[in-house]
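Asks: The sequence isn't on hand, but the structure is:
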């Protein structure tokens, strides 16, 4: 269990690709579940606050008490916790300058397998920063301003850069998991110190996530 932070209120751990954040609705689903693994490891009940897709890796925060769970839920529901992701995508953009922030909006609904746009969908806002290239692929920093299901995956595909391995959203090559990782949780806009949290929790990075 890769633990980034732990106190009496919260614990932050690393979720591997191809692992569920919490149990699925299908009781026969045999895929590994981070929440249950963590509960067994700690020998106590834990409370999920947010989710990462099965195919996505990265840092996740769990509550250890009912009170911290209630407080953490408010933070995430009100989009007060700022999340940063790193991703590698197909194709190289020709009309975007490196490190020039892009603001993308859509009206999204979640279908059975993927998100789609609809006039009555929920507003989705994403900040995207093209970092540079690695071979014929592009590197990105992604910030979901809202928290819609599959938001980042949909927006990257919509703008011509499906995330590597994300065949649901048009990637050409299948792989184990997709090349998207949650690398930072920023608590600067919540009363994190009252709960003993640092201002930021992050995975050691070759370059920081600017706000």
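Replies: Received the coordinates, thanks. What you see is a predicted model; the values in this text were computed from it and never measured.
Asks: which strands and helices sit next to the longest strand along the chain?
Replies: If you go by DSSP state E, the chain has its longest strand at strand 122-134. If you count contacts as 3 or more C-beta pairs under 8 Å, 6 or more residues apart in numbering; DSSP states H and E, strand 122-134 packs onto strand 102-110, strand 137-144, helix 151-158. Using the backbone N, CA and C atoms, a C-beta is placed for each residue, glycine as well.
Asks: Would you mind finding the most buried of the ones you listed?
Replies: helix 151-158 (a mean of 23; mean count of other C-beta atoms under 10 Å).
Asks: How is this structure partitioned into domains?
Replies: Under the assignment automatic domain parsing, the domains of the chain span 1-81, 82-186.
Asks: so how far does the longest one reach from one end to the other?
Replies: For domain 82-186, the first and last residues are 5 Å from each other (C-alpha to C-alpha, to the nearest Å).
Asks: what does stretch 133-141 give?
Replies: Terminal residues of stretch 133-141 are spaced 12 Å apart (C-alpha to C-alpha).
Asks: quick one: contacts of that stretch?
Replies: Under the criterion C-beta atoms under 8 Å, 6 or more residues apart in numbering, residues 84-93, 128-132, 156, 161, 164, 209 lie in contact with stretch 133-141.
Asks: and it, how far from the chain's centre?
Replies: Relative to its chain's centre, stretch 133-141 lies at 19 Å (C-alpha atoms, centre = their mean, to the nearest Å).
Asks: likewise stretch 76-96?
Replies: That offset, for stretch 76-96, works out to 9 Å (C-alpha atoms, centre = their mean).
Asks: Now do the longest strand of the chain against helix 151-158, angle only.
Replies: Relative orientation of strand 122-134 and helix 151-158, computed by axes from the mean of the first three to the mean of the last three C-alpha atoms, to 10 degrees: 70 degrees.
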